[in-house]
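K.L.:
How does the following fold in three dimensions:
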Amino acid sequence: QVQLVESGGGLVQAGGSLRLSCAASGRTFSSYAMGWFRQAPGKEREFVAAISWSGGSTYYADSVKGRFTISRDNAKNTVYLQMNSLKPEDTAVYYCAADLNQAGVALSGPDYDYWGQGTQVTVSS
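P.N.:
Alright, predicted model coming up:
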């Protein structure tokens, strides 16, 4: 069992930055990959970024590449999403998720095992 709690969302102007955090508890944090997803009103949930258990491999959606950075601190059981140069189209509820498969890093939501409750990010134009 893994519990995930996101924080750091809020309202920001276009061009601004936010850093999301996701604190994990339960199973050994350093043993599984983590991902960030988002869902905008009226749209399907989409992949944003993912990171391997060690932090050595990261993956990004094309829409956020070069603007967002995923990282993790295994000593703090926390994964982060640094979001820079935010755009109004980044507005969504952001979710962190845990992939316990250990066969790699999943890029698809159904492959994740546990999810946080989400944190709202709103980017004004």
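K.L.:
So which bits of stretch 50-65 are buried?
P.N.:
Ala50, Ile51, Ser52, Trp53, Gly55, Tyr59, Tyr60, Ala61, Val64 (16 or more other Cβ atoms under 10 Å). Where you see a C-beta, it was placed from the backbone N, CA and C, and this is true even at glycine.
K.L.:
Report the two of the residues you listed separated the most.
P.N.:
Using Cβ to Cβ, these span at most 21.4 Å, a distance reached by Trp53 and Val64.
K.L.:
count of neighbours near Tyr114?
P.N.:
18 (other Cβ atoms under 10 Å).
K.L.:
And the strands in this structure, which stretches?
P.N.:
2-7, 10-13, 18-26, 33-39, 46-51, 58-60, 68-73, 78-83, 92-99, 114-115, 119-124 (DSSP state E).
K.L.:
Could you export those strands as JSON lines, including distance to Val105 and mean pLDDT?
P.N.:
Formatted as JSON lines, the strands of the chain follow (distance: least, Cβ to Cβ, whole Å; pLDDT from 0 to 100):
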{"stretch": "strand 2-7", "distance to Val105": "16", "mean pLDDT": "97"}
{"stretch": "strand 10-13", "distance to Val105": "28", "mean pLDDT": "98"}
{"stretch": "strand 18-26", "distance to Val105": "16", "mean pLDDT": "97"}
{"stretch": "strand 33-39", "distance to Val105": "5", "mean pLDDT": "98"}
{"stretch": "strand 46-51", "distance to Val105": "5", "mean pLDDT": "98"}
{"stretch": "strand 58-60", "distance to Val105": "6", "mean pLDDT": "97"}
{"stretch": "strand 68-73", "distance to Val105": "11", "mean pLDDT": "98"}
{"stretch": "strand 78-83", "distance to Val105": "12", "mean pLDDT": "98"}
{"stretch": "strand 92-99", "distance to Val105": "7", "mean pLDDT": "97"}
{"stretch": "strand 114-115", "distance to Val105": "15", "mean pLDDT": "97"}
{"stretch": "strand 119-124", "distance to Val105": "22", "mean pLDDT": "98"}
